[in-house]
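Asker: dropping a prediction and its sequence here:
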Amino acid sequence: MRTVMFAAVVLCAWPTLRAQESAPLAPAEAAKKVGSQVTVEMAVRSTGGNRNRYLNSAASYTAADNFTIYIPEAAVKAFAEAKIERPEEYFYGKTIRVTGAVRQARWVLLGQPVERPQIVVTDPKQIAVVESLSGPPVFKRTHIYKRVGDLAIRADSYRFHDRPAQPVVVWIHGGALMMGHRESVPRWLLDAAREHGFVLVSLDYRLAPETRLAEIVADVEDAFRWIRASGPELFQADPQRVAVAGGSAGGYLTLATGHRVAPRPVALVSLWGYGDLVGPWYSQPHPTYKSPLTREEAAVLDEEDPVSDDRDRQHAKASAFYRYCRQHGRWPQEVAGWDPRTEVDKFKPYMPVNNVSAEYPPTLLIHGDRDTDVPYEQSQLMAAELKKHGVEHHLLTVAGAEHGLAGAPQDEVQAAYRTAVEFLRRHLAKE
């Protein structure tokens, strides 16, 4: 006999979800039940989607252990009728129980086919919130900060407290300016925002090669104008206390805000980023990269419609295109549209290493000294310029670490992130 579990499950705006007699499964156990009807209980640690909606058990949808609740676009109307206008916002940060059949979803990640388990939800009755396990509310919203033609460029805001004038940390994702999206927010930064009362804003921006460097940077500049103008009303932001963090290409864009955005952010954290766009590391062939693309196949990508979220592309070749660019030393030309040998002056306004001044924001640089994707030298060059101009800065070197601090002991990685959080906290504190 089925019973309704009033003690643990909150009855939301839709009819009661009847639970199975057996205990709900954890995501790892549910993942083993492909083809079976199950009830899974999971904390929603990340969400997203523009047309379809996704509720993920892991902080990143790409994580090997992620379990996804997939709400197709056709079902979103049913959620709206159940008073859940935005499922990806409503369920974020909560623990939910979901009943449905487990299937394997397939897609391409970094040029490789992957599979992840998911349950497709077409009826709001399939989901119930476990209030006793959900903790304090998280206010997550998706905003459109800019439109270019038919393309809406989005940002997500995460607010953990209900009070005005909260400091803001802007997260800028990486991906060689060609890949990625706003939902790849690191867990350590979300936890820091909750603990220290930051509003976290994560940006999309148009991606290369469909969009060139100047327009990509213009998107970031426009995002900061929007944060300062609309942030106080939309997510209780203090426009005078805005800091920036980003990794890899997001680290580059973070450093670019130090001289491209006015007023300047109060602090920058560049994770394995770079300030130079024309050096040999990017403009000459890289020996470890191989791509299956021919030049003709790569050229086709330039003709696609602009995107600001690589999941919206009609092809899955962005990773292969990046490898093609590194293999042939063509990243500067393909991203900027300029030749790094004969048109260096066109790059300079977009290169942080050439634009440091005494007014540049305090900067923390974190980099592994064995990085084979973005050389450690890139952070050393920035540190030298910051020192030359008397700018507060610190280069935190993680010995033996590859790109993204891969291969470093976890205690050293977590120590680096704690340093980043303390740096942000100190500079965002009210004077």
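Answerer: Arrived safely. Keep in mind that what you see is a predicted model, and the values were worked out from it rather than measured.

Asker: what residue lies at the spatial centre of this protein?
Answerer: residue 184 (2.8 Å; C-alpha atoms, centre = their mean).

Asker: tell me the pLDDT of that residue.
Answerer: We have a pLDDT of 88 for residue 184.

Asker: I figured it hits residue 56, correct?
Answerer: No: applying C-beta atoms under 8 Å, one finds residue 184 not in contact with residue 56, separated by 11.3 Å. The way it works is simple: take the backbone N, C-alpha and C, and place the C-beta from them, glycine included.

Asker: for the closest residue to the residue nearest to the centre of the chain other than its chain neighbours, the count of nearby residues, please.
Answerer: Closest residue to residue 184 apart from its sequence neighbours, by C-beta to C-beta, 6 or more residues apart in numbering: residue 173 at 4.9 Å. Counted with other C-beta atoms under 10 Å, the neighbours of residue 173 add up to 23.

Asker: what's near enough to touch residue 173?
Answerer: 180, 181, 182, 184, 185, 202, 203, 246, 247, 249, 250 (C-beta atoms under 8 Å, 6 or more residues apart in numbering).

Asker: distance check, residue 47 against residue 120.
Answerer: 16 Å (C-beta to C-beta, to the nearest Å).

Asker: ok, back up a step: could you dump the contacts of residue 173 to a markdown table with secondary structure and distance to residue 25?
Answerer: Formatted as a markdown table, those follow (DSSP: H, G, I helix; E, B strand; the rest coil; distance: C-beta to C-beta, whole Å):
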| residue | secondary structure | distance to residue 25 |
| --- | --- | --- |
| 180 | coil | 31 |
| 181 | coil | 29 |
| 182 | coil | 30 |
| 184 | coil | 27 |
| 185 | coil | 27 |
| 202 | strand | 30 |
| 203 | strand | 36 |
| 246 | strand | 37 |
| 247 | strand | 33 |
| 249 | helix | 38 |
| 250 | helix | 36 |
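
Asker: flag whichever of the residues you listed scores worst on pLDDT.
Answerer: residue 184 (88).

Asker: tell me how far that one lies from residue 143.
Answerer: 17 Å.

Asker: just residue 118 next, same as before
Answerer: 26 Å.

Asker: tell me which of these two has more neighbours.
Answerer: More neighbours surround residue 118 than the other of residue 118 and residue 143, with 23 against 19 (other C-beta under 10 Å).

Asker: leaving out chain neighbours, which residue sits closest to the more buried one?
Answerer: Going by C-beta to C-beta, 6+ apart, residue 118 has residue 68 as its nearest residue, at 4.0 Å.

Asker: got phi/psi on that neighbour?
Answerer: According to degrees, to the nearest 10, the main-chain angles of residue 68 amount to phi -110, psi 140.

Asker: close enough to count as contact, it and residue 56?
Answerer: Yes: here residue 68 reaches residue 56: they are 5.4 Å apart, a contact under C-beta under 8 Å.

Asker: hey, where'd the helices end up in the chain?
Answerer: Using DSSP state H, the helices of the chain run over 27-30, 73-81, 87-90, 187-196, 213-235, 249-260, 280-283, 295-301, 318-328, 331-336, 344-347, 377-388, 410-428.

Asker: and residue 396, which of these is closest to it?
Answerer: Distance to residue 396, taken as C-beta to C-beta, is lowest for helix 410-428 among the helices of the chain, at 5.7 Å.
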